[in-house]
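Novice: Below are the sequence and a predicted model for it; my questions follow.
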Amino acid sequence: MKFSLQHEDANSKARAGEITTDHGIIETPIFMPVGTAGTVKAVHQRELKEDTEAQIILGNTYHLYLRPGLETMQKAGGLHKFNSWDGPILTDSGGYQVYSLSDRRKITEEGVKFSSHIDGAKHFFTPENVMDTQRIIGADIIMAFDECTPYPCDYDYAKRSMQMTHRWLKRCCDRFDATTPIYGYDQTLFPIVQGSTYKDLRIESAETIASFGREGNAIGGLSVGEPAEEMYEMCEIVCDILPKDKPRYLMGVGTPINILENIALGVDMFDCVMPTRNARNGMLFTKHGFMNMRNQKWKDDFSVLDPDGESYVDSFYTKGYVRHLMISKEILGAQIATLHNLAFYLWLVKEARKRIIAGTFVEWKNKMVINMAQRL
């Protein structure tokens, strides 16, 4: 993987860059649709590429390890061939899923014992076998195994967890560097900064992660319930330390406003389930605000979803029709809403890139943040 920094905004820390992988080029800043179990819910791969213009998608190590399982994944030739997506893929390490299974797991220095949410079967993740698992899944970018601390989190626990994440990172790097890709193309390992919302821990973690000299770096443990201002403060601290010549990936973030504010702080890559999950529940994002399509007010509104949305989605469905689909629990409603939201998110980061290069990012960002906060 290679990263080239193409432009830096004069009025913020926003950047425009380009990541080159063996499965294609990714223009940053970028949003990555989440395909937890090998699919972005309710969307065909063709629609991802043609309608939303997605450049990279995510898979989830924990879920793919459990189902369909590593034997099937390897027989298929890796996730690219299994799900017929020929662009870049990133897999997370399963650390966040293990964090979310607080009543089903036990964390030790060696790794994490957990019970499957599917059938209760016992499993054990270590930094080493998580690297092996992601080799088999075959993503272009893979994540180090870490512990994601909850919010709020007391200082002593956050520090112990961060230090263990650093020790696990050393084991991840040793295993990754001692093995080779299975399917004939390169893979890249990203470490993850932790430290909860404690400034000194974030500084220590960012400095430690940077010292490993990997091709890219991630920021984890945010968007777990902390106020947005604390997220921004931690992100700014970390971005000021992580090397400028490598991509920075803020994991699990977030709302359209979160994304623009963190782009302004120097983040290059984002992922979040919000555009797809909220779509299935009837929430649509637009450049003028957000809409709950289940509301009665849209029942007899026969205007298209976003009359001013030609720049990011080719939508001819009306608000009244989409509300009808949502209320009727028709699958098409989830499909239309998901495509709309993903297209908007991808439009948002693409437009941010254009504005960074043109030198108008901050003025545009500030206006967009105000507009997108409105409930329509």
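Specialist: Good, I have the coordinates. Everything quoted here is computed from the prediction, not taken from an experiment.
Novice: State the mean pLDDT of stretch 290-298.
Specialist: Averaging pLDDT along stretch 290-298 gives 97.
Novice: Could you do stretch 79-99 as well?
Specialist: The pLDDT scores in stretch 79-99 average 90.
Novice: Next, the buried residues of it.
Specialist: Within stretch 79-99, the residues that qualify as buried are 79-80, 82-83, 85, 87-99, counting by 16 or more other C-beta atoms under 10 Å. To be clear about C-beta, it is placed using only N, CA and C from the backbone, and glycine gets the same treatment.
Novice: now stretch 50-65
Specialist: 51-52, 54-65.
Novice: In strands only, show me the buried residues of stretch 79-99.
Specialist: With DSSP state E as the criterion, strands contain Ile89, Leu90, Thr91, Asp92 from among the buried residues of stretch 79-99.
Novice: Keeping just the C-alphas, turn stretch 272-282 into CSV.
Specialist: Output in CSV follows, covering the C-alpha atoms of stretch 272-282 (Å, rounded to 0.1, in the frame of the first residue of the first chain):
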residue,chain,number,x,y,z
CYS,A,272,-19.8,3.7,10.4
VAL,A,273,-23.0,1.7,10.3
MET,A,274,-25.1,4.8,10.8
PRO,A,275,-26.0,5.5,7.1
THR,A,276,-27.2,1.9,6.6
ARG,A,277,-28.7,1.1,10.1
ASN,A,278,-30.5,4.5,10.3
ALA,A,279,-31.8,4.0,6.7
ARG,A,280,-33.4,0.7,7.7
ASN,A,281,-35.2,2.6,10.5
GLY,A,282,-36.4,5.4,8.2
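Novice: what's the spacing between the residue nearest to the spatial centre of the chain and Trp364?
Specialist: Among the residues of the chain, Asp271 comes closest to the average C-alpha position under C-alpha atoms, centre = their mean, at 1.8 Å. Counting by C-beta to C-beta, to the nearest Å, the gap between Asp271 and Trp364 amounts to 23 Å.
Novice: ok, now Phe3?
Specialist: Distance of Phe3 to Trp364, computed by C-beta to C-beta: 24 Å.
Novice: one step back: which residues does the residue nearest to the centre of the chain contact?
Specialist: The contact partners of Asp271, by C-beta atoms under 8 Å, 6 or more residues apart in numbering, come to Phe31, Met32, Pro33, Val34, Leu58, Leu90, Tyr249, Met251, Gly252, Val253.
Novice: Let me know the closest of the residues you listed to Ile241.
Specialist: Nearest to Ile241 out of the contacts of Asp271 is Tyr249 (C-beta to C-beta; 14.8 Å).
Novice: Outline the domain layout of the protein.
Specialist: The chain is divided into the following domains under automatic domain parsing: 2-269, 279-372.
Novice: Comparing the ones you listed, which yields the minimum mean pLDDT?
Specialist: domain 279-372 (a mean of 92).
Novice: next one: that one to chain centre, how far?
Specialist: Relative to its chain's centre, domain 279-372 lies at 19 Å (C-alpha atoms, centre = their mean, to the nearest Å).
Novice: Report how many residues lie close to Trp119.
Specialist: Just so we're on the same page, residue 119 is Asp rather than Trp. By the other C-beta atoms under 10 Å criterion, the neighbourhood of Asp119 contains 8 residues.
Novice: Ok, Lys13 next?
Specialist: Counted with other C-beta under 10 Å, residues neighbouring Lys13 total 16.
Novice: Let me see the contact set for it.
Specialist: Applying C-beta under 8 Å, 6+ apart, one finds that Lys13 lies in contact with Glu236, Cys239, Ala264, Leu265, Gly266.
Novice: Is the fourth one in a helix, a strand, or coil?
Specialist: To tie it back to what came earlier, the one meant is Leu265. Taking DSSP: H, G, I helix; E, B strand; the rest coil as the rule, one finds Leu265 in the coil state.
Novice: Who are the contact partners of it?
Specialist: Contacts of Leu265 (C-beta under 8 Å, 6+ apart): Ser12, Lys13, Ala14, Tyr232, Cys235, Glu236, Cys239.
Novice: In strands, which of the residues you listed appear?
Specialist: Filtering the contacts of Leu265 for strands - DSSP E - leaves nothing at all.
Novice: I'm done for today, thanks for sticking with me.
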